[in-house]
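Engineer: Predicted model and sequence follow; I will ask about them next.
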2 protein chains.
Amino acid sequence: MKADSTGLRVLSRAECLKLLASVPIGRIVFTDRALPAIQPVNYVLDGDRLVIRTTAGSKLALAVRDTIVALESDVFDPAGRTGWSVTVIGHAHAVPEGRGEFSRLVRLPLAPWTYRNGERPDVRDHYIVLPVEQVSGRRVETYP
Amino acid sequence: MKADSTGLRVLSRAECLKLLASVPIGRIVFTDRALPAIQPVNYVLDGDRLVIRTTAGSKLALAVRDTIVALESDVFDPAGRTGWSVTVIGHAHAVPEGRGEFSRLVRLPLAPWTYRNGERPDVRDHYIVLPVEQVSGRRVETYP
């Protein structure tokens, strides 16, 4: 078992990708007016990249156009004091409506949590693609 | 109901603080060698500040000495598509062992998840204090 300096087990890239694919929600980290910002997003793992669905014109869409961002996913069990966390870092790019790639992204299993399709025709989708360039993960286990 | 542009309900400061206090784990956002970084931490709400316990010499302890950071907590129910997220932004400062304030922080109900007390005498505690300067929160609810 490979552990870091604080006693957490270090996960392999394969373990990280499997865990990333097992949950629908992550948190994207970006900079908003020079301050650190973090926002929950729903995403899918699409091969070796993450696809994040957001809303055109949102703060997230405006901040993350062509920049290095992090996305973190985790699951913790406070009672058992176990859990895992995986973080991806990569150069994100936006895919607004109208671009060729958009039509493929729309077919991914990535439903919005807020408005259902058709309920708010004025809300337009916007996708963020984040290649899994760097990935790291840790698991908290009972210390032997 | 006050909602943002993506249909999420905007939470008041009082609601945010109550939710923050209801979970033991959050995610701290900082910069590590010019890249966005995020790491789960356990914390307690101590009046109008968050107290985070970490390990002396860790990447987090080294990066967050006297800097503006964000801490996010959330709970989501993927099945029901409900949940909330709260983010605090403030000017964090470190409280290493030996400083007067340290003896008070040690008595907070803030147990480490990795090593239990006494198991690793070479691992020294280190606290980060984050005043709740800005707090914002959103709740996902079924759209009426």
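Structural biologist: Looks like it came in fine.

Engineer: longest helix of chain A?
Structural biologist: Using DSSP state H to assign secondary structure, the helix with the most residues in chain A is helix A:13-21.

Engineer: Please compute how far that one lies from its chain's middle.
Structural biologist: From the chain centre to the centre of helix A:13-21 is a distance of 12 Å (C-alpha atoms, centre = their mean, to the nearest Å).

Engineer: With stretch A:8-19 instead?
Structural biologist: 15 Å.

Engineer: likewise stretch A:46-65?
Structural biologist: For stretch A:46-65, the distance to the chain centre is 9 Å (C-alpha atoms, centre = their mean).

Engineer: and that stretch, anywhere near chain B?
Structural biologist: Yes: counting by C-beta under 8 Å from any C-beta of the partner chain, chain B has neighbours in stretch A:46-65: A:T54, A:T55, A:G57, A:S58. Yep, even glycine has a C-beta here, placed from its N, CA and C like the rest.

Engineer: avg pLDDT for that stretch?
Structural biologist: Across stretch A:46-65, the average pLDDT comes to 88.

Engineer: before we move on, back to that, quick one: which of the residues of stretch A:46-65 next to chain B is nearest to chain B?
Structural biologist: Distance ranking of the residues of stretch A:46-65 next to chain B against chain B, using C-beta to the nearest C-beta, places A:T55 first at 4.8 Å.

Engineer: My guess is the closest one contacts A:D125. True?
Structural biologist: Yes: assessed by C-beta atoms under 8 Å, A:T55 is found in contact with A:D125 at 7.0 Å.

Engineer: What separation is there between A:P24 and A:L50?
Structural biologist: Noted for A:P24: a distance of 12 Å to A:L50, by C-beta to C-beta, to the nearest Å.

Engineer: any shared contact partners between these two?
Structural biologist: Shared contacts of A:P24 and A:L50 (C-beta atoms under 8 Å, 6 or more residues apart in numbering or on different chains): A:Y43, A:V44.

Engineer: Comparing the two, which shows the higher neighbour count?
Structural biologist: Using other C-beta atoms under 10 Å in any protein chain shown, the more surrounded residue of A:P24 and A:L50 is A:L50, with 25 against 17.

Engineer: shouldn't the more buried one be in contact with A:V132?
Structural biologist: Yes: using C-beta under 8 Å, A:L50 is in contact with A:V132, at 6.7 Å.

Engineer: quick check: mean pLDDT across stretch A:89-108?
Structural biologist: Here the average pLDDT along stretch A:89-108 is 88.

Engineer: what comes up buried for that stretch?
Structural biologist: For stretch A:89-108, the buried set under the neighbour-count rule, 16 or more other C-beta atoms under 10 Å in any protein chain shown, comprises A:I89, A:G90, A:A92, A:A94, A:V95, A:L105.

Engineer: Next up, the contacts around the last one.
Structural biologist: If I follow you right, that is A:L105. Counting by C-beta under 8 Å, 6+ apart, A:L105 touches A:V51, A:R53, A:V95, A:Y127, A:V129.

Engineer: which non-adjacent residue is nearest it?
Structural biologist: What sits nearest to A:L105 in space, not counting adjacent residues and going by C-beta to C-beta, 6 or more residues apart in numbering or on different chains, is A:Y127, at 4.6 Å.
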